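# Kindly generate the corresponding structure for this input.
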Amino acid sequence: MNKFSILSLAFVLSSGPAIYAQSPYVSSVWVADLGNGQYQNPILHADYSDPDAIRVGDDFYMTASSFNHAPGLPVLHSKDLVNWRIISHALPRQIPEDVFNTVQHGNGVWAPSIRYHEGEFYIYWGDPDFGIYMIKTKDPAGDWSAPVLVFEGKGLIDPCPFWDEDGNNYLSFAYAGSRAGLKSVVAVARLNATGSKVLDRGTIVYDGHEADPTIEGTKMHKRNGYYYLFAPAGGVSTGWQLVLRSKNIYGPYERHVAMHQGSTVINGPHQGAWVDTQTGEDWFVHFQDKDAYGRIVHLQPMKWVDNWPIIGKENDIKGTGEPVSTYKKPNVGKTYPIETPAESDEFETPLLSKQWQWQANPDGTWLMPSKHGHLTLYTQQVPENHKNLLDIPHLLTQKFPAEEFMATTKMRLIANEKIEHERAGFAVVGEDYSQLYVKQDKGKQTLYYASCKKGLTSGDESVTTITDLQEGEYIYLRVKVNKGAICQWSYSLDGKRYTAVGDAFTASPGKWIGATLGLYAARDTQINDSGYAEFDWFRVEPIKE
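Take a look at the predicted model:
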């Protein structure tokens with residue numbers, strides 16, 4: 001870790017234009033900016049899956065898939081493509097709300113595109129069960145419009161709008177085979193003048209079954225008279241970045257592999273955004289699937305040769321690049337402060353910090369973001385047929401922020417004397433999960449360790465009693481995450497001496513997402529009130545031995 005990796009407790013809270021004036025947060029566990037004019041990949045060691053980015057003037061904006069989590073569609077801002085902060089979520093609640101009020105692992109927001117057209121920002125995304133949606137705004141840090149269903153249908157995913165200079169509008173997209181019964185093709189539909197409705201069901205313009213299986217994630221551009229479709233192919237963890245071009249938007253399209261893994265350790269480098277700088281440089285933002293860490297974000301230099309892009313560093317194959325691990329930062333005309341998305345939280349502000357997301361649409365009864373400097377989570381009744389932690393909507397999560405880190409929270413359970421089995425805890429959440437939690441029974445509080453394998457299917461949770469606690473006593477819960485997402489839990493009663501709990505646990509990804517860090521408070525029954533858990537703070541730091 002470089003010398004600039006210092007912990008800052010300043011973080012993003014407001015939702016208006018003043019966002020840009022706030023103090024930068026700098027992670028203590030992963031910083032891409034090396035402070036010497038160079039950067040290291042990934043630029044975001046966190047699960048910002050299927051990233052898309054644009055430049056508007058001197059500002060860069062990025063969004064990413066959020067699947068079932070709410071709020072959805074994170075919007076990040078940067079001045080130099082290396083240093084980023086979260087400025088908003090464009091989708092406060094997943095829709096249809098009655099569907100996403102319950103946990104829908106892997107469903108929801110897939111592979112969005114962000115664009116700027118005639119003074120407004122647009123985001124299009126595909127929900128594989130309902131169709132392609134659009135929202136827009138004039139202020140990406142503020143409120144976005146209500147979603148409009150642009151293209152209804154099953155399996156419609158990975159859309160990108162394109163406004164041609166002749167006044168015609170188009171939407172490129174792909175198909176999810178699980179819903180559409182067809183995959184490995186990309187298509188183009190016509191859009192109306194406002195971009196709010198397709199004018200036809202689309203035309204397939206490229207079939208990747210033979211050379212480019214699982215082609216998807218389309219991004220449409222035009223340059224020197226060519227229409228370009230940037231599209232990943234070959235699968236999430238094993239694929240390459242394909243670029244198609246044609247003089248006619250409906251083809252036929254020539255193919256070109258612009259980037260592949262080559263001799264590097266960066267598997268499946270693909271799916272993302274071509275972005276230029278004010279100084280005329282070309283760059284490409286993409287992801288790498290890193291298992292439990294999710295789809296982390298890389299930045300590659302890009303150049304054009306004979307009207308084909310080369311992404312990364314050209315090595316063994318002429319015209320095809322390989323990912324770089326370090327490189328000179330983009331030239332944007334100025335040098336900007338080091339900054340990273342927020343991780344730690346002291347819970348001292350009236351709005352929940354923007355790194356947090358729920359497992360489903362939240363209700364107003366779930367929390368008070370700061371009550372005397374504590375996050376208060378009111379215990380919520382678990383769903384009637386729930387199997388385990390993966391089924392509860394009121395799980396408050398944030399992404400893994402680095403390959404190695406330590407996360408600690410100080411909490412206590414203030415149980416309601418009329419309710420049995422109230423509990424609250426801290427979990428590492430994936431299809432396999434583990435947690436430490438406090439539970440109250442008959443006026444007695446106990447700390448437990450629990451783990452679950454294949455939680456989306458078998459659902460069996462193994463529970464171990466750790467120690468008795470004084471009622472309402474503060475306890476410190478900690479997880480150390482080492483390389484390979486190997487986790488070790490521990491607890492402390494004084495915040496100084498920690499006792500290890502359980503065997504080493506290997507975190508696993510969830511459904512299309514990386515593992516997350518989660519806080520919750522729950523109960524089994526309903527009366528006219530609840531108990532609550534107080535989380536004094538949540539801190540992400542380098543591992544201490």
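# from here on, contacts and neighbour counts on C-alpha atoms
Will do.
# Could you check the pLDDT of E545?
Each residue has a pLDDT score; the one for E545 is 73.
# what about it, how many residues close to it?
4 (other Cα atoms under 10 Å).
# With N36 as the reference, measure out to it.
30 Å (Cα to Cα, to the nearest Å).
# can you check N168 too?
46 Å.
# who has more neighbours, these two?
The neighbour count for N168 versus N36, taken as other Cα under 10 Å, is higher for N168 (12 against 8).
# how about that one, what does it touch?
Taking Cα atoms under 8 Å, 6 or more residues apart in numbering as the criterion, N168 is in contact with 190-191, 193.
# if you set the cut-off to 7 Å instead, what comes out?
For N168, the contact set (Cα atoms under 7 Å, 6 or more residues apart in numbering) is empty.
# I'd like to know how far it sits from Q470.
Looking at N168 against Q470, where the rule is Cα to Cα, the gap reads 69 Å.
# I215 now?
Distance from I215 to Q470, by Cα to Cα: 57 Å.
# likewise N331?
In terms of Cα to Cα, N331 sits 58 Å off from Q470.
# What of S246?
From S246 to Q470 the distance is 71 Å (Cα to Cα).
# who has more neighbours, the two?
Between S246 and Q470, S246 has the larger neighbour count (other Cα under 10 Å), namely 17 against 11.
# tally of neighbours for W274?
Neighbours of W274 (other Cα under 10 Å): 23.
# Count the neighbours of the nearest residue to it once chain neighbours are set aside for me.
Spatial nearest neighbour of W274, excluding adjacent residues (Cα to Cα, 6 or more residues apart in numbering): F284 at 4.6 Å. Counted with other Cα under 10 Å, the neighbours of F284 add up to 24.
# ditto for the one 10 residues further on
Using other Cα under 10 Å, the number of residues around G294 comes to 25.
# what's the spacing between it and L91?
21 Å.
# What of K313?
36 Å.
# For the two, indicate the residue with more neighbours.
Shown here are K313 and L91; by other Cα under 10 Å, L91 has more neighbours (22 against 17).
# That one contacts G72, correct?
Yes. Using Cα atoms under 7 Å, L91 is in contact with G72, at 4.9 Å.
# Leaving out the residues flanking it, which one is nearest to I527?
Leaving aside its sequence neighbours, I527 is closest to I419 (7.9 Å, by Cα to Cα, 6+ apart).
# How confident was the prediction at that neighbour?
Residue-level pLDDT assigned to I419 equals 95.
# L7 now?
33.
# Could you do I486 as well?
For I486, the predicted pLDDT is 98.
# And it, how close does it get to E461?
19 Å.
# same question, E281
52 Å.
# which one of those two has more residues nearby?
Shown here are E281 and E461; by other Cα under 10 Å, E461 has more neighbours (17 against 14).
# List the contacts of that one.
By Cα under 7 Å, 6+ apart, the neighbours of E461 are 388, 450-452.
# mind listing what the residue sitting furthest away from the middle of the chain touches?
Outermost residue of the chain with respect to the C-alpha centroid, by Cα atoms, centre = their mean, is K442; its distance is 40.4 Å. K442 is in contact with E420, counting by Cα under 7 Å, 6+ apart.
# Now that we're looking at it, what pLDDT does it have?
The model's pLDDT for K442 equals 90.
# Which parts of the stretch 251-400 of the chain are strands?
Ranges of strands in the stretch 251-400 of the chain, per DSSP state E, counting those that start in this stretch, are 254-259, 270-276, 282-289, 295-305, 308-311, 313-314, 321-322, 326-328, 357-358, 367-368, 375-378, 380-381, 396-399.
# Reformat the ones you listed as CSV; add mean pLDDT.
Formatted as CSV, the strands of the stretch 251-400 of the chain follow (pLDDT from 0 to 100):
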stretch, mean pLDDT
strand 254-259, 98
strand 270-276, 97
strand 282-289, 98
strand 295-305, 98
strand 308-311, 98
strand 313-314, 97
strand 321-322, 98
strand 326-328, 98
strand 357-358, 98
strand 367-368, 98
strand 375-378, 98
strand 380-381, 98
strand 396-399, 98
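# Out of the ones you listed, which is closest to V236?
For V236, the closest of the strands of the stretch 251-400 of the chain is strand 282-289, at 6.6 Å, according to Cα to Cα.
# Could you list the paired strands of that closest one along with their orientation?
strand 270-276 (antiparallel), strand 295-305 (antiparallel) (DSSP bridges).
# Show me what the first one is in contact with.
Same thing as strand 270-276. With Cα under 7 Å, 6+ apart, strand 270-276 has contacts from 50-55, 217, 231-232, 239-241, 282-287.
# How far away from the center of its chain is it?
17 Å (Cα atoms, centre = their mean, to the nearest Å).
# what angle sits between that strand and strand 254-259?
90 degrees (axes from the mean of the first three to the mean of the last three Cα atoms, to 10 degrees).
# do the last one as well
Our comparison of strand 295-305 with strand 254-259, counting by the same axes, to 10 degrees, yields an angle of 120 degrees.
# which residues are in contact with strand 295-305?
Counting by Cα under 7 Å, 6+ apart, 41-49, 282-290, 309-312, 323-324 sit against strand 295-305.
# mind running it again at 8 Å?
41-51, 81-82, 281-290, 309-313, 319, 323-324, 513-514.
# cool, stretch 528-535 as well?
374-380, 409-416, 419, 422, 424, 521.
# Just the C-alpha atoms of stretch 413-430, please, in CSV.
Provided in CSV are the C-alpha atoms of stretch 413-430 (Å, rounded to 0.1, in the frame of the first residue of the first chain):
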residue,chain,number,x,y,z
LEU,A,413,-28.5,-4.9,21.4
ILE,A,414,-31.2,-3.1,23.3
ALA,A,415,-33.9,-5.8,23.3
ASN,A,416,-37.6,-5.3,23.9
GLU,A,417,-38.5,-7.2,27.1
LYS,A,418,-41.8,-8.4,25.5
ILE,A,419,-40.0,-10.1,22.5
GLU,A,420,-38.0,-13.3,22.6
HIS,A,421,-35.1,-14.1,20.2
GLU,A,422,-34.3,-10.5,19.1
ARG,A,423,-30.9,-10.5,17.6
ALA,A,424,-28.4,-8.3,15.8
GLY,A,425,-25.1,-8.9,14.1
PHE,A,426,-22.3,-8.4,11.6
ALA,A,427,-22.0,-10.8,8.6
VAL,A,428,-19.9,-11.6,5.6
VAL,A,429,-22.5,-12.3,3.0
GLY,A,430,-22.4,-14.4,-0.1
